[in-house]
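[1] Generate a structure from the sequence data that follows.
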Amino acid sequence: MARLRQPADSPRRPSAGDGTVHLCGRPFGGRGGSRSDLWRQIQADVFNTELVTITIDEGPAFGVALLAAVGAGMFSSVEEACAKTIKLKDRTQPVSANVATYELFYRIYRSLYPALKPLFADLSKAVC
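    Down below sits the predicted model:
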């Protein structure tokens, strides 16, 4: 789970400050693993934020179509396009006990990683 969260902590990656992926201002899940109740719960707990699932399965293609529709003048803004076309399917709330557990292990991971990083190359050579 630490690797799931770590990219959101990276200064090179823009985020809304809470590590979630946002669509029109809302954290969301749409395809693949997000169809799993367990996986959505894990993500909500790791990021300590509500996760919403939307009814759209097309993902990037739908987003591009929305941007094109805004550009063509069908909608006055991306926010309007989202409001008129994307509907929420489900909400997953973080469980505070799980959040605390993930936070504890993440702090441990963050403290261990710098000391172990040089050994990862050796480990990679040993197994390849």
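
[2] now the helices for this protein?
    Along the chain, the stretches classed as helices by DSSP state H are 2-9, 37-47, 60-71, 78-85, 96-127.

[3] How far off centre is the longest one?
    With Cα atoms, centre = their mean, to the nearest Å as the basis, helix 96-127 stands 20 Å off its chain's centre.

[4] Worst mean pLDDT among the helices of the chain?
    Among the helices of the chain, helix 2-9 has the lowest mean pLDDT, at a mean of 60.

[5] out of the helices of the chain, which comes closest to residue 53?
    helix 37-47 (6.7 Å; Cβ to Cβ). Heads up, the C-betas are built off the backbone N, CA and C, glycines and all.

[6] in stretch 46-56, what counts as buried?
    By neighbour count with 16 or more other Cβ atoms under 10 Å, stretch 46-56 contains the buried residues 46, 47, 48, 49, 51, 52, 53, 54, 56.

[7] Point out the most buried one among the helices of the chain.
    Sort the helices of the chain by mean neighbour count, taking mean count of other Cβ atoms under 10 Å, and helix 37-47 sits at the top with a mean of 18.

[8] roughly how far is that helix from the heart of the chain?
    So, by Cα atoms, centre = their mean, the centroid of helix 37-47 is 10 Å from its chain's centroid.

[9] which helices and strands sit right next to that helix?
    helix 2-9, strand 26-29, strand 51-54, strand 88-92, helix 96-127 (3 or more Cβ pairs under 8 Å, 6 or more residues apart in numbering; DSSP states H and E).

[10] Can you tell me the strand partners of the fourth one and which way each runs?
    To tie it back to what came earlier, the one meant is strand 88-92. When pairing is defined by DSSP bridges, strand 88-92 lines up against strand 51-54 (antiparallel).

[11] May I have the partner strand as PDB, with CA atoms only?
    Listed next in PDB are the C-alpha coordinates belonging to strand 51-54 (Å, rounded to 0.1, in the frame of the first residue of the first chain):
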ATOM      1  CA  LEU A  51     -14.000   7.700  -3.100                       C
ATOM      2  CA  VAL A  52     -16.800   8.000  -5.500                       C
ATOM      3  CA  THR A  53     -17.500   5.600  -8.400                       C
ATOM      4  CA  ILE A  54     -19.100   7.000 -11.500                       C
END
